[in-house]
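**Q** The amino acid sequence is not available; the structure is as follows:
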DNA sequence: TCAGGTTGTGACACCGATGTCAACATGGCG
DNA sequence: CGCCATGTTGACATCGGTGTCACAACCTGA
């Protein structure tokens, strides 16, 4: 390990002066600065994070605590967004994945304290309320994709209601009047919120909401897992005499099964049936034929926004700390929805 | 911050004794130990990671450097596996995502040095050779999903050749004699290796390898991106008079398009056509109707193995340091391949 | 009873950086 | 010429732990 002292000795100055150069302290003579900087480069000196942190009493690392988000394909973008935001602050990220186990979570809170992380982004896989207990933790905490029922921490969540509205609105604008819905599991908050969005759009467009056209595409097994039943649900919907001309899906996987059901019945997407996805998982949306129009779940932006709020909570950045940030879910138009004449 | 000294004062012992209790040093009287432990709990004392690290000169954190692996749905399992392995060693993980940018990578190497990480797992999105340059970094480095052309670091890679063999072998055992292949981009190492696996299995089964049945499902655009063309490729294959009874896919996305092509031609999977995926992305494999038989890319195991090797490289664990570990790609049988009579 | 060993504990220096404050050189001004 | 402002640098203490070594108290066996 090359240390500050080594550099100082080599440069014939005091350690403090080297420290000044490293930290861009203006109170250093130009000549001295360059001489020292040259030696730093030559010796590959890298300041010791631990020592610095000890002296400064907080670190340039932010903790990311997740239940499973970091490890499911659904929402890795949240990790990317968080990292991207941190990079701009020259910070890095310590990842803790609890798998939903409270004991692991406890451990990781201790770990974060031990590391004196500058703050924590607490993210969940599903948009849902959380109760953090009292993780005696002094620095800022921001919730991502979840929110505190007791409003104890600021949160950043996707605008599911707006997303639902966007899905329905787009189809209505294309002239669809009979629109089926194959939703996520009814227990999810997202389902509830998007439902509200559909109704608003329907009302605006003068459509009546028909509950018989609104069916779940996932069912919960007794063991807590989920089974996708969108294929069968779609078959039922599409065999009706008054079958819908368009189907709104709770996610892109459901859309995949809708495509399959349509194929089974000899219906063409989008000629006979328009399909609207949700999540915008490109692995699916860009692989389906025709490519799937979807509404993106803005995980990347959620991550970035969370980091942003975090630095405000900690007072490192100017700006108000809003208790909840709603991140919009943008429409991504591809080829699966057609204009009705 | 509660410090060691605070606890010591409260307990009426020296800081060193508290330190001993924290570190399970046996040279502490039982009574003293319990008294101190009680106070530690009461005061919520958590040892300062930075101070400890400074004194001990290495940390309990391992760096995970990735080009994009941490942030693509394909391989998050690698992150999970790494974490799982580290957890058993009571370690944690600092994540660095370079997006393939050498400058960012340079920065992150510095960052890892500054953090004195105990080692680095260097993972890539695609199975490929890498050249690390000379990241003057003293601690162990293990490559995951990639390997050093100059054999300068141990690596853990998927057994693509074995995976290809498994795909072909399974279909041959089911009685298929005409097998089409829709592969990944030919520039990928995986494509090459799996091709070798196919041939071995074909030879063993007495089949002749017919190049006209082996077509790429992805093409590289001039801008470097990739377009999936498996649908069209499959249509061509399936319109032949002597159409194959089974198709081996380079990944599960390709399989999705094969399903679509089959549906277009009125062919049923698996009655008229068996389809074999690769990767085992459950988002796809369990959503397709019928569910897709695939060969799993064992990212989780690769992550775990990498951590394992890393602790050997650093001499923390007994065991040989093998220059390259091949992790098998297991067959996951579902409903898309049928036994021919 | 005493030499020699074991156990339990504390004093102190040190890891590598930075904040504080003092010291020194320089130059301008009355 | 004396004095103060300004610019530049270094000595030293300090952050929170742990390694080293000394030391006291207690045991053991001759």
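**A** Ah, there it is. Just so it is clear, the model here is predicted, and its values are computed rather than measured.
**Q** Could you say which helix or strand holds the one residue in the stretch 101-250 of chain A that gets nearest to DNA strand C?
**A** Proximity of the stretch 101-250 of chain A to DNA strand C (CB to the nearest atom of the strand) peaks at residue A:116, 13.3 Å away. Every C-beta, even on glycine, is put in place using the N, C-alpha and C of the backbone. With elements taken from DSSP states H and E, nothing contains residue A:116; it lies in neither a helix nor a strand.
**Q** Setting aside sequence neighbours, what's the nearest residue to the residue of the stretch 151-300 of chain A found nearest DNA strand D?
**A** With distances taken as CB to the nearest atom of the strand, the stretch 151-300 of chain A approaches DNA strand D most closely at residue A:153, which sits 25.7 Å away. The spatially closest residue to residue A:153, leaving aside those adjacent along the chain, is residue A:141, at 4.9 Å (CB to CB, 6 or more residues apart in numbering or on different chains).
**Q** the helices in the stretch 151-300 of chain A, which residues?
**A** Across the stretch 151-300 of chain A, reading from the start of the chain, the helices by DSSP state H, counting those that start in this stretch fall at A:160-173, A:189-205, A:230-239, A:252-264, A:282-285, A:299-313.
**Q** Kindly state which of those is positioned closest to residue A:32.
**A** For the helices of the stretch 151-300 of chain A, the distance to residue A:32 is smallest for helix A:299-313, at 33.4 Å, taking CB to CB.
**Q** Would you mind listing what in the stretch 201-341 of chain A touches chain B?
**A** Residues of the stretch 201-341 of chain A lying close to chain B (CB under 8 Å from any CB of the partner chain) are A:228, A:231, A:253, A:256-257, A:259-260, A:263-264, A:281, A:283-284, A:286-289.
**Q** So which of the residues you listed would count as near DNA strand C as well?
**A** If you filter those for contact with DNA strand C, counting by CB under 7 Å from any atom of the strand, you are left with nothing.
**Q** any idea which of those is closest to residue A:272?
**A** Compare each of these with residue A:272 using CB to CB and the shortest gap goes to residue A:263, at 10.8 Å.
**Q** From residue A:235, how far off is that closest one?
**A** Computed as CB to CB, to the nearest Å, the residue A:263 to residue A:235 distance reads 11 Å.
**Q** Check the contact lists of these two and give me the overlap.
**A** Listed contacts common to residue A:263 and residue A:235 are nil; contacts here mean CB atoms under 8 Å, 6 or more residues apart in numbering or on different chains.
**Q** Compute the number of surrounding residues for residue A:266.
**A** Neighbour count of residue A:266, defined by other CB atoms under 10 Å in any protein chain shown: 9.
**Q** one step back: buried members of the residues of the stretch 201-341 of chain A next to chain B into PyMOL, please.
**A** In PyMOL syntax, the buried subset of those is picked out as below (16 or more other CB atoms under 10 Å in any protein chain shown):
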select buried, chain A and resi 228+231+253+256+257+259+260+263+281+283+284+287+288+289
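**Q** Name the nearest of the residues of the stretch 201-341 of chain A next to chain B relative to residue A:86.
**A** Here the nearest of those to residue A:86, counting by CB to CB, is residue A:281; it sits at 24.3 Å.
**Q** Contact partners for the most centrally placed residue in chain A?
**A** Central residue of chain A (CA atoms, centre = their mean): residue A:299, 2.5 Å from the mean position. Residues near residue A:299 by CB under 8 Å, 6+ apart: A:75, A:76, A:77, A:78, A:80, A:81, A:145, A:158.
**Q** So the fourth one versus residue A:127, what's the distance?
**A** Taking CB to CB as the measure, residue A:78 and residue A:127 are separated by 12 Å.
**Q** Common neighbours of these two, please.
**A** A shared contact of residue A:78 and residue A:127, defined by CB under 8 Å, 6+ apart, is any residue touching both; here these are residue A:145.
**Q** Comparing the two, which residue is more hemmed in?
**A** Set side by side, residue A:78 and residue A:127 give different neighbour counts by other CB under 10 Å, the larger being at residue A:78 (30 against 19).
**Q** so that one sits right up against residue A:143, yeah?
**A** No. Distance between residue A:78 and residue A:143: 11.8 Å, which falls outside the contact criterion (CB atoms under 8 Å).
**Q** Which neighbours do these two have in common?
**A** Any residue near both residue A:78 and residue A:143 by CB under 8 Å, 6+ apart counts here, and that gives residue A:123.
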